[in-house]
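J.: After the sequence you'll find the predicted model.
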Amino acid sequence: MTQGNVLAWLVSAGGWYDETALDLQDYPGMGQGAVALRDLEEDTPLFSVPSSLLLSAEHSDLRTHLSSADWKDLVDAGGWTALIMCMMWEDAQGERSRWYGYMRSLPERFDTPMFWSEDDLRWLEGTDIPSKVGKTSAEETYKTKIVPLLQKYPEVFTPDSSATHRTIPHFSVDDFHVQGSRMLSRSFSVPKETVKPDPIGDVSMQSAGGDDSIEEGSAAMDDVESANGSVTAQLVPQEEGQDGGPEGSHAEDDNDEDEDEEGDDDDDDSEADLEEEVMVPVADVLNAAYGLDNAHLSFDDGRCKMITTKRIPKGEQIYNTYGGPSNSYLLRRYGHIDALPLPPVLLKKLSPELRTWPHGNIADDFEISGKDVLEAVVADWKQTRKGKITEEEDQTYQNALLERVDRWLEASGFGDTFVVEYDVEEALDEMIPFVKLLIMDSATFQAGKAKQKIPKAKIEGDDEGKRVIRILKRVMDTQRQGMGSDAKASSL
Ligand SMILES: C[S@@+](CC[C@H](N)C(=O)[O-])C[C@H]1O[C@@H](n2cnc3c(N)ncnc32)[C@H](O)[C@@H]1O
């Protein structure tokens, strides 16, 4: 089945779409997308998907084939492991799966860095992307959580003879990556009540997991309260830079940000406990580009409904929103970037050579780790001492810095990563006090500690101010050098 007739499948499975309003077609560089077949006014319903067709760990019948304990283990593996396993299983069910037509429409190949060669990945060095791809941790999850189940339940995990639509072997590690990537680039986060255990399927009551036991990742899509009170969902990150994915379970990385989406971080309980990661058939055929969204998915009356949010002239593409994330996020999860004309106010901030290609993504950012700042402070200190430092002095200095880092983490309300956007003010408001705290003399540090104070984000023209600027410049230079050397290495 092609994506074109996933619409026909939707109707046959109990969904609805307005065949006078939209169809699917290929868009160069984007894959398939939806096109308006006539002028569409704002608030025009395009299609609706009953909640029973949302593909979630709760809705899949897989759990009825495992013992309660094994299902619970799978769910407790965190993140999206259970859903990815269910997707592998549903795909291998062939015609027996309720989602057969949908599964057949999903891509098997992706352009995301997860599938790049080592050589190509070198182009990303100096960015935060390689550390977040998490291929190794995904494969570890596959080995420790998936393989034991495949071995224990060989009949359950034998593909049906009708499941011939795949080129990648069912239940292989490649399948795990493919389903994980499908999920990363297409899943929605919906209110948990939308995905109650299957209302029409034959899910048994033996699940040990139950609704609340599914660990959620932070949302791939954001749920917000719409004007009419229904809950809406976007294919987006909850907040900029908070990314990751199925990968605690599947693929992403081991860093803090991703722990959220992996569901490993239970501290952030409120959203996670209320939301469930699901695949919403057909809603995920819509592409997105910054500022072009003209339709939105909402949940109302037990159905997901795609509705236009603007007038869409006949022949125009119908876009959802992925929430306007940065290009690094887009590339990692979706395999593409937004390269739109940058507004003059941002262009002015770029160096002349960057202005020669005046395109980009206004949500772009990059991360500077506290460790990089620390290293710049140490390098600056060594330079001012002209290298005349004993090992003992070095140790004492580094220990003092660590105490200050602890103080920063306790008292500043900020973390140990600084996110720099086009508007650098916010990052500087965090980095300047951090650097000042690291370089201040011991008496001032102790006095500030006693008064529970953190330095202000203000630079004076005195020696301290000059030193702060020198250190920040060093941090930026180091970042830039990292990128330059990657490009050189890659072109060899
Ligand atoms: C939710 S799916 C949309 C349907 C997809 N085009 C397809 O053919 O299945 C998201 C994927 O569509 C593609 N895509 C979406 N928006 C895009 C854009 N603005 N530019 C390039 N590719 C885009 C990316 O491959 C992304 O991973």
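T.: Thanks, I have it.
J.: ranges for the strands of the stretch 51-200 of the chain?
T.: 187-191 (DSSP state E, counting those that start in this stretch).
J.: How many residues are close by the closest residue to residue 83 other than its chain neighbours?
T.: In space, and not counting its chain neighbours, residue 83 is closest to residue 57: 4.7 Å by Cβ to Cβ, 6 or more residues apart in numbering. No exception for glycine: its C-beta is placed from N, CA and C like everyone else's. Residues lying near residue 57 (other Cβ atoms under 10 Å) number 25.
J.: any idea of the pLDDT on residue 57?
T.: As predicted, residue 57 sits at a pLDDT of 93.
J.: Give me the pLDDT value at residue 480.
T.: 79.
J.: Name the helix or strand for it, please.
T.: helix 463-491 (DSSP states H and E).
J.: Quick check: which ranges of this protein have low pLDDT?
T.: Low-confidence segments of the chain (pLDDT under 70): 1-4, 79, 196-273, 483-492.
J.: how about a cut-off of 50?
T.: 1-4, 198-269, 486-492 (pLDDT under 50).
J.: Can you tell me which residues in it are near the ligand?
T.: The chain has residues 29-33, 107, 185-186, 235, 284-285, 287-289, 334-336 near the ligand, with proximity defined as Cβ under 6 Å from any ligand atom.
J.: ok, and for stretch 111-129, which residues are buried?
T.: Across stretch 111-129, burial judged by 16 or more other Cβ atoms under 10 Å covers 112-116, 121-124, 126-129.
J.: Export it to PDB, keeping only CA atoms.
T.: Only the C-alpha atoms of stretch 111-129 are listed here, as PDB (Å, rounded to 0.1, in the frame of the first residue of the first chain):
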ATOM      1  CA  ASP A 111      17.700  10.600   6.500                       C
ATOM      2  CA  THR A 112      18.300  11.100  10.200                       C
ATOM      3  CA  PRO A 113      21.900  11.000  11.600                       C
ATOM      4  CA  MET A 114      21.000   7.700  13.200                       C
ATOM      5  CA  PHE A 115      21.500   6.200   9.700                       C
ATOM      6  CA  TRP A 116      24.500   8.300   8.600                       C
ATOM      7  CA  SER A 117      27.900   6.800   8.000                       C
ATOM      8  CA  GLU A 118      30.800   7.600  10.400                       C
ATOM      9  CA  ASP A 119      32.200   9.800   7.700                       C
ATOM     10  CA  ASP A 120      29.100  11.800   7.300                       C
ATOM     11  CA  LEU A 121      28.600  12.100  11.100                       C
ATOM     12  CA  ARG A 122      31.900  14.000  11.200                       C
ATOM     13  CA  TRP A 123      30.200  16.900   9.600                       C
ATOM     14  CA  LEU A 124      28.200  17.200  12.800                       C
ATOM     15  CA  GLU A 125      31.100  17.400  15.200                       C
ATOM     16  CA  GLY A 126      31.200  20.500  17.200                       C
ATOM     17  CA  THR A 127      27.400  20.400  17.400                       C
ATOM     18  CA  ASP A 128      25.300  18.600  20.100                       C
ATOM     19  CA  ILE A 129      23.800  16.200  17.700                       C
END
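J.: Report the buried members of the residues of the chain next to the ligand.
T.: Buried, going by 16+ other Cβ under 10 Å: 32-33, 185-186, 235, 284-285, 287-289, 334-336, out of those.
J.: Among those residues, which lie within helices?
T.: Counting by DSSP state H, those place 185, 186, 334 in helices.
J.: quick one, helices of the stretch 201-350 of the chain?
T.: For the stretch 201-350 of the chain, the helices defined by DSSP state H, counting those that start in this stretch occupy 210-213, 256-262, 269-274, 327-334, 344-347.
J.: Please work out which residue of the stretch 1-150 of the chain is closest to the ligand.
T.: residue 31 (2.6 Å; Cβ to the nearest ligand atom).
J.: partner residues bridging that residue?
T.: residue 27 (DSSP bridges).
J.: So it sits against residue 287, correct?
T.: Yes: Residue 31 is within contact range of residue 287, at 7.5 Å (criterion: Cβ atoms under 8 Å).
J.: where do the strands sit along the stretch 351-492 of the chain?
T.: Under DSSP E, counting those that start in this stretch, the stretch 351-492 of the chain gives strands at 359-360, 365-369, 417-421.
J.: Take these and lay them out in CSV including mean neighbour count.
T.: Formatted as CSV, the strands of the stretch 351-492 of the chain follow (neighbours: other Cβ atoms under 10 Å):
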stretch, mean neighbour count
strand 359-360, 16
strand 365-369, 19
strand 417-421, 18
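J.: Can you redo those strands as CSV, where the extra columns are distance to residue 135?
T.: Converted to CSV, those look like this (distance: least, Cβ to Cβ, whole Å):
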stretch, distance to residue 135
strand 359-360, 27
strand 365-369, 20
strand 417-421, 22
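J.: Now residue 43. Its backbone dihedrals?
T.: Main-chain torsions, residue 43, degrees, to the nearest 10: phi 70, psi 20.
J.: Check for me that residue 20 belongs to a strand.
T.: No: checked against DSSP: H, G, I helix; E, B strand; the rest coil, residue 20 lies outside a strand; its state is coil.
J.: Ends of stretch 43-62, what's the gap?
T.: Length of stretch 43-62, first residue to last, Cα to Cα, to the nearest Å: 37 Å.
J.: quick check, residue 46 in a strand?
T.: Yes: applying three-state DSSP, one finds residue 46 inside a strand.
J.: neighbours around it, how many?
T.: Residue 46: 23 neighbours (other Cβ under 10 Å).
J.: Residue 356 too?
T.: Residue 356: 8 neighbours (other Cβ under 10 Å).
J.: likewise residue 314?
T.: So residue 314, with other Cβ under 10 Å, has 11 neighbours.
J.: Quick check on it: phi, psi?
T.: Taking degrees, to the nearest 10 as the convention, residue 314 sits at phi -50, psi 140.
J.: Look up how far residue 41 lies from it.
T.: 12 Å (Cβ to Cβ, to the nearest Å).
J.: what sits against the residue of the chain positioned farthest from its centre?
T.: Using Cα atoms, centre = their mean, the residue of the chain lying farthest from its centre is residue 388. It sits 46.1 Å away. Residues near residue 388 by Cβ atoms under 8 Å, 6 or more residues apart in numbering: none.
J.: wait, doesn't residue 308 sit right on residue 47?
T.: No: applying Cβ under 8 Å as the test, residue 308 and residue 47 come out as separate, 11.3 Å apart.
J.: neighbour count winner among the two?
T.: Under the neighbour definition other Cβ under 10 Å, residue 308 and residue 47 were set side by side, and residue 47 has more, 26 against 20.
J.: Name whatever forms a beta bridge with that one.
T.: residue 17, residue 306.
J.: Could you tell me the end-to-end distance of stretch 380-390?
T.: 16 Å.
J.: Residue 164: how many residues sit nearby?
T.: For residue 164, the count of nearby residues is 9 (other Cβ under 10 Å).
J.: Can you give me the distance of it to the ligand?
T.: 21 Å (Cβ to the nearest ligand atom, to the nearest Å).
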